[in-house]
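S.K.: need the 3D shape of this:
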Amino acid sequence: MENLQIVEHKNERVLTTQQIAKAYETDPRRISENFNANKERYVLGKHYYLLKGEELKAFSDLYGNSVVVERTPKLYLWTESGAMRHAKSLNTDKAWAMFDHLVDHYFATKKKAPKEPPKQSIPSRNEIMHKNALTRQAKLLFQMSNVKTLSTEYSNILIAKAAQVITGEEVIPLPKSEIKTLSAYEVGQELGISANKVGRLTNAHNLKNSEYGEWYRDKSQHSSKEVDSFRYYPNIIPVLTEIHEMETLREVQAAIRGRVIDICASNHAVI
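M.R.: I've put the predicted structure just below:
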């Protein structure tokens, strides 16, 4: 069996009836009889192939009389699982021993179609433009994170967003703010004053610092541009309340003094 001719069909190693009979030391007629007696247990394309007509002629031209019996109208080719079925039908020590030999030295070394290397896809023009747009967006976010007036927290948010734009994933977790922040309008609502006055008071008393809030990059109310915006911590409320009350008291005192002066002047009195 060392000189067994290799026969292949549909990229699979197979054996003819004569080859199986010789290997199992039996007669080809016995192989055919066992097949016909158990034909319902054999599946075409799994246990065997049946060649006829042009397919048989092409096979004969390829292998010649060494494999194909001359002028035969059909030819059975047995796969590995088909060879096992015949060994089971014969059920002799020789048949099983030769089947093991065929599995190890004939079927196991059957030729396999070489795998084609994976094709590298070439990105389309739209894909390239999209990636370039994402790169520009990430670059802008990173540049914004370097603005000196921004808080550390907001700067980290911009860096995390830039990384997310490039990778498509949240590789840097967004920092979670533990302190609630308020806009100038919200602070004004608490104090009963305008947002402009909140800004004027905090600027006059240098309260726009890390103790009382953080700088953010925000969209302007009057244009599409982004501007620096200060958001306040809640601890600004009592501070501004005291400042506002003192300023109101001074305004009232100034108003009373002005009124007294007016009254005295009208009476020609001298203060």
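S.K.: show me what the helix ranked longest in the chain is packed up against.
M.R.: The longest helix of the chain (DSSP state H) is helix 236-266. Where contact means 3 or more C-beta pairs under 8 Å, 6 or more residues apart in numbering; DSSP states H and E, helix 236-266 is packed against helix 184-191, helix 195-204. Bear in mind the C-beta positions are built from the backbone N, C-alpha and C, glycine included.
S.K.: what's the mean pLDDT across the last one?
M.R.: Looking back up the chat, that one is helix 195-204. In this model, helix 195-204 has a mean pLDDT of 92.
S.K.: and the angle for that helix with helix 184-191?
M.R.: 100 degrees (axes from the mean of the first three to the mean of the last three C-alpha atoms, to 10 degrees).
S.K.: chain center to the longest helix of the chain, what's the gap?
M.R.: 65 Å (C-alpha atoms, centre = their mean, to the nearest Å).
S.K.: quick one: buried residues of it?
M.R.: 236-237, 239-240, 243-244 (16 or more other C-beta atoms under 10 Å).
S.K.: for those, which one is nearest residue 20?
M.R.: residue 236 (94.4 Å; C-beta to C-beta).
S.K.: ok, for the closest one, nearest residue in space, not its chain neighbours?
M.R.: Spatial nearest neighbour of residue 236, excluding adjacent residues (C-beta to C-beta, 6 or more residues apart in numbering): residue 212 at 4.5 Å.
S.K.: that neighbour is in contact with residue 237, isn't it?
M.R.: No: counting by C-beta atoms under 8 Å, residue 212 stays clear of residue 237, with 9.8 Å between them.
S.K.: return the mean pLDDT over the longest helix of the chain, rounded to an integer.
M.R.: The model assigns helix 236-266 a mean pLDDT of 85.
S.K.: mind listing what residue 124 touches?
M.R.: Applying C-beta atoms under 8 Å, 6 or more residues apart in numbering to residue 124 gives no contacts.
S.K.: can you offset everything so residue one is 9?
M.R.: Sure thing, new numbering starts at 9, so read that last one as residue 132.
S.K.: measure the residue lying closest to residue 131 once chain neighbours are set aside to residue 109 for me?
M.R.: Spatial nearest neighbour of residue 131, excluding adjacent residues (C-beta to C-beta, 6+ apart): residue 139 at 7.7 Å. In this view, residue 139 and residue 109 are 58 Å apart by C-beta to C-beta, to the nearest Å.
S.K.: same check on residue 31?
M.R.: 8 Å.
S.K.: try residue 163
M.R.: In terms of C-beta to C-beta, residue 163 sits 74 Å off from residue 109.
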